[in-house]
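In: okay, sequence plus prediction incoming.
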Amino acid sequence: MRPVDPRSEARLAVEREPGSPLAWILLAEAELDAGDAAAGETASRRALALLPGHPEALARLGRAQWMQGRHQDAAESLGTAAKRAPGHPGIAVWLAHVLEDIGQPEQAADQYARAHRLAPEEPQLAAYLLAWRRKLCDWRDLDALSTQVRDAVRHGQSAVEPFAFLSEDSTAAEQLACARLRAAGIARAVRPLPPPPPEPRAADARKALRVGFLSNGFGAHPTGLLTVALFEALASQPAIAVHLFALNADDGSAIRQRLKSATRLHDVAGRSHTGVARVIRDAQIDVLFDLRGWGGGGRPEVLAMRPAPLQVNWLAYPGTSGAPWIDVVLADRFVLPPSLAHGFSERVDYLPRCFQPSDTSRALAAPPGRAECGLPAPGTGVVFCCFNNSYKLNPASMRRAWAVLAGVPDSVLWLLSGPGRADQRLRDAAAAAGVAPSRLVFMPKQPHDRYLARLQHADLFLDTNPYNAHTTASDALWAGCPVLTRPGETFAARVAGSLNHHLGMPQMNVATDDQFIQRAIELGRDPALLQAARGALRERRRTAGVFDMDGFAADFAAAVLAMAEQHGTA
């Protein structure tokens, strides 16, 4: 039985009762759920014309403005809606989302907390609050919130966001359950496109396989930074033709220009889910890679419409999709060993090298002076670093870091500055652990080239669990900074370990937290040992296949052709 199209039903309701504000509000909701922000705004304004100031209509208007990138307008609409309906947890959540985007992180936290107070038994609200407190390094009630969310997933009670769930100490089986719950809700609401007509083709005709990539990161974004050199190398692989479907507008960056030059780039920003799916279908894509998955800004609804016959999860989302519309996950045997395949809904296909590419065309500029970065002078103190996003800096990972600092006198820990009062909270946590807060140095976010230049001052990268460094690990290794990590039992916990493994540096992968602390202290106390590790990285970076994008392109093309042939789409 095909799912009912909510937009069609809502449009019929408006035709029957054009004077009903509720009918227009429900239509606005249906249009927004379909990804059509402009139509959702029109319906919201019709509702407000009939019933000025209605909080539900204002909330839909704010959501439409947010989807169109008009975040300040959205904050005003949702702020008014929240004042008119102070007991509405859903409006508080949407207001919190917008406050994140306009740079008011602490106020966003207040709104998430208010939503949770209004409906404390609702796991999805607990998950929103938990994820945002992790970002702010606000560790109050973390265990209780995490337990509530994990219990809800375990018992199938609520579809929480799988991306945020990766930060919990969950098993691969729990992550699969979380993803399946989320996918099931989309599957119930989305109607697949009708099957395409058979393509007329002579029996002996040979053509390049059309391979598409869907992402909101085609620009100066981690996805663009990781893939651009690979796409450039794939241009010399005649067996495949690369098409990019960019959900994000052109950001004017050099990365975006390189992507446009190396591929056929389709700008689908602002289109509805169906509109994006039809562009992909019209391009006659044989294999479609989802380069966002359950990460923010993705469009799983587009993939659920089945615009391509073979659809693949790769690179951007470090876990299973749990979705019936994703057929294959592309990985390597370290990051996703066969023993963990039971935690994935997809068939697992393997690359012979680390699954994560990198931009090997990046030049390393001369770094600014150490004093300008707030670091100790050369020879006066070891610089440990961790430039992972703040939500990965959980209490357990930071306890390891405090122990390392305690064991290496005069050392510092260099971190990426977080949102709101996150930096101060980390300083307070260090002080509570007996570490002088002054030994924490924070780097404000920098343009990528400046960030890479500064990375050359770091002596050793201290990774986090259960969510590793991914792009940041590649950045550190490219800049010559070894990465110490403890591989875990989920994909997200094994990415840095995969990079080390394929670089031929297994000594940087340890089995326990105690070994992590011991190895970091050994390296920090022994300059010769640390320099040997850095020298080994320089050599392995040159000779191992991790940073060989021509080789990666050949392996990638072979893997895609093999999966297409196995699926019958080649």
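Out: Thanks, I have it.

In: who's in contact with the most centrally placed residue in the chain?
Out: Per CA atoms, centre = their mean, the C-alpha nearest to the average position across the chain is that of residue 295, at 4.1 Å. With CB atoms under 8 Å, 6 or more residues apart in numbering as the criterion, the residues that contact residue 295 are 163, 316, 317. For glycine as for every other residue, the C-beta is placed from the backbone atoms N, C-alpha and C.

In: now render the residues you listed as TSV, adding pLDDT and secondary structure.
Out: Below are the contacts of residue 295 laid out as TSV (pLDDT from 0 to 100; DSSP: H, G, I helix; E, B strand; the rest coil):
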residue	pLDDT	secondary structure
163	94	helix
316	90	coil
317	94	coil
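
In: residue 435 and residue 521: what is the separation?
Out: To residue 521, residue 435 is 14 Å away according to CB to CB, to the nearest Å.

In: ok, residue 18 next?
Out: From residue 18 across to residue 521, the span is 72 Å (CB to CB).

In: returning to that earlier point: buried subset of the contacts of residue 295 as a PyMOL selection?
Out: Buried subset of the contacts of residue 295, written as a PyMOL selection, criterion 16 or more other CB atoms under 10 Å:
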select buried, resi 163+316+317
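
In: I'd like the contacts of residue 295 as CSV, with distance to residue 337 appended.
Out: CSV is the format used below for the contacts of residue 295 (distance: CB to CB, whole Å):
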residue, distance to residue 337
163, 23
316, 21
317, 18
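
In: those strands in the stretch 201-350 of the chain, which residues are they?
Out: Ranges of strands within the stretch 201-350 of the chain are 209-215, 240-246, 264-267, 287-290, 310-313, 328-331, 347-350, based on DSSP state E, counting those that start in this stretch.

In: which among these is found nearest to residue 558?
Out: For these, the distance to residue 558 is smallest for strand 240-246, at 9.9 Å, taking CB to CB.

In: now for that closest one, which elements pack on it?
Out: Contact partners of strand 240-246 among helices and strands, from 3 or more CB pairs under 8 Å, 6 or more residues apart in numbering; DSSP states H and E: strand 209-215, helix 222-234, strand 264-267, helix 273-282, helix 549-567.

In: helices and strands around the helix or strand where residue 472 lies, which ones?
Out: Assessed by DSSP states H and E, residue 472 sits inside helix 471-478. Packing partners of helix 471-478 (3+ CB pairs under 8 Å, 6+ apart): helix 222-234, helix 448-455, strand 460-462, strand 483-484, helix 495-503, helix 527-543.

In: contacts for the longest one?
Out: Contacting residues not belonging to helix 527-543 are listed as 382, 459-460, 477-478, 480-482, 503-505, 507-508, 522-524, 547 [CB under 8 Å, 6+ apart].

In: returning to what we had before: angle of the helix holding residue 472 against helix 448-455?
Out: On the basis of axes from the mean of the first three to the mean of the last three CA atoms, to 10 degrees, helix 471-478 is oriented at 60 degrees to helix 448-455.

In: now mean neighbour count and distance to residue 499 too, for the helices and strands packed on strand 240-246, in TSV please.
Out: Converted to TSV, the helices and strands packed on strand 240-246 look like this (neighbours: other CB atoms under 10 Å; distance: least, CB to CB, whole Å):
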stretch	mean neighbour count	distance to residue 499
strand 209-215	25	21
helix 222-234	23	12
strand 264-267	17	28
helix 273-282	20	31
helix 549-567	18	13
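
In: between the ones you listed, which one is nearest to residue 408?
Out: Among the helices and strands packed on strand 240-246, helix 222-234 comes nearest to residue 408, with 30.1 Å by CB to CB.

In: got the CA positions of the helix holding residue 472 in CSV?
Out: The C-alpha trace of helix 471-478 is given here as CSV (Å, rounded to 0.1, in the frame of the first residue of the first chain):
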residue,chain,number,x,y,z
THR,A,471,38.5,15.2,9.0
THR,A,472,40.5,16.7,11.8
ALA,A,473,42.6,13.5,12.0
SER,A,474,43.4,13.8,8.3
ASP,A,475,44.3,17.5,8.8
ALA,A,476,46.6,16.8,11.7
LEU,A,477,48.4,14.0,9.8
TRP,A,478,48.8,16.1,6.7
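
In: could you check the angle helix 527-543 makes with it?
Out: In terms of direction (the same axes, to 10 degrees), helix 471-478 departs from helix 527-543 by 100 degrees.

In: that older thread, of the helices and strands packed on helix 471-478, which is nearest residue 429?
Out: It is, among these and with distance given as CB to CB, strand 460-462, at 15.0 Å.

In: which intervals of this protein have sub-threshold pLDDT?
Out: Flagging of the chain using pLDDT under 70 yields the residue ranges 1-4, 199-206, 570.

In: how about 80 then?
Out: 1-5, 197-206, 296, 569-570 (pLDDT under 80).

In: domain parsing for it?
Out: Per automatic domain parsing, the structural domains of the chain span 1-102, 121-190, 209-360+550-567, 371-546.

In: among those domains, which is nearest residue 114?
Out: Among those, domain 1-102 comes nearest to residue 114, with 4.9 Å by CB to CB.

In: what sits closest to residue 470 if chain neighbours are left out?
Out: Nearest non-adjacent residue to residue 470, counting by CB to CB, 6 or more residues apart in numbering: residue 495, 4.7 Å away.

In: tell me the contacts of residue 248?
Out: With CB under 8 Å, 6+ apart, residue 248 has these contacts: 215, 216, 217, 218, 219, 221, 269, 297.

In: could I have stretch 276-287 exported to CSV, CA atoms only?
Out: Coordinates of each C-alpha in stretch 276-287 appear next as CSV, following Å, rounded to 0.1, in the frame of the first residue of the first chain:
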residue,chain,number,x,y,z
VAL,A,276,15.9,17.2,-6.1
ALA,A,277,15.0,13.6,-6.7
ARG,A,278,13.7,14.4,-10.2
VAL,A,279,17.0,16.2,-11.1
ILE,A,280,18.9,13.1,-10.1
ARG,A,281,16.5,10.8,-12.0
ASP,A,282,16.7,13.1,-15.1
ALA,A,283,20.5,12.8,-15.0
GLN,A,284,20.1,9.0,-15.3
ILE,A,285,22.4,8.3,-12.4
ASP,A,286,23.4,4.7,-12.1
VAL,A,287,24.9,4.8,-8.6
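
In: please renumber so the chain begins at 648
Out: Done: numbering now begins at 648, and the last item shifts to stretch 923-934.

In: relative to residue 1125, how far out is residue 1052?
Out: From residue 1052 to residue 1125 the distance is 25 Å (CB to CB).

In: check residue 702 too.
Out: 50 Å.

In: ok, residue 1182 next?
Out: Distance check for residue 1182 against residue 1125: by CB to CB, it reads 16 Å.

In: of those two, which one has the most company?
Out: residue 1125 (19 against 12; other CB atoms under 10 Å).

In: higher neighbour count, residue 665 and residue 1168?
Out: Neighbours around residue 665 and residue 1168, counted as other CB under 10 Å, are more numerous at residue 1168. The numbers are 18 against 11.

In: okay if I get the helices and strands packed on strand 887-893 as a markdown table plus distance to residue 832?
Out: Converted to a markdown table, the helices and strands packed on strand 887-893 look like this (distance: least, CB to CB, whole Å):
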| stretch | distance to residue 832 |
| --- | --- |
| strand 856-862 | 20 |
| helix 869-881 | 25 |
| strand 911-914 | 28 |
| helix 920-929 | 14 |
| helix 1196-1214 | 26 |
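
In: who wins for proximity to residue 1035 among the ones you listed?
Out: Per CB to CB, nearest to residue 1035 of the helices and strands packed on strand 887-893: helix 869-881, 12.0 Å.

In: which strands or helices does the closest one pack on?
Out: Looks like helix 869-881 contacts strand 887-893, helix 901-909, helix 1118-1125, helix 1196-1214 (3+ CB pairs under 8 Å, 6+ apart).

In: great, nothing more from me.
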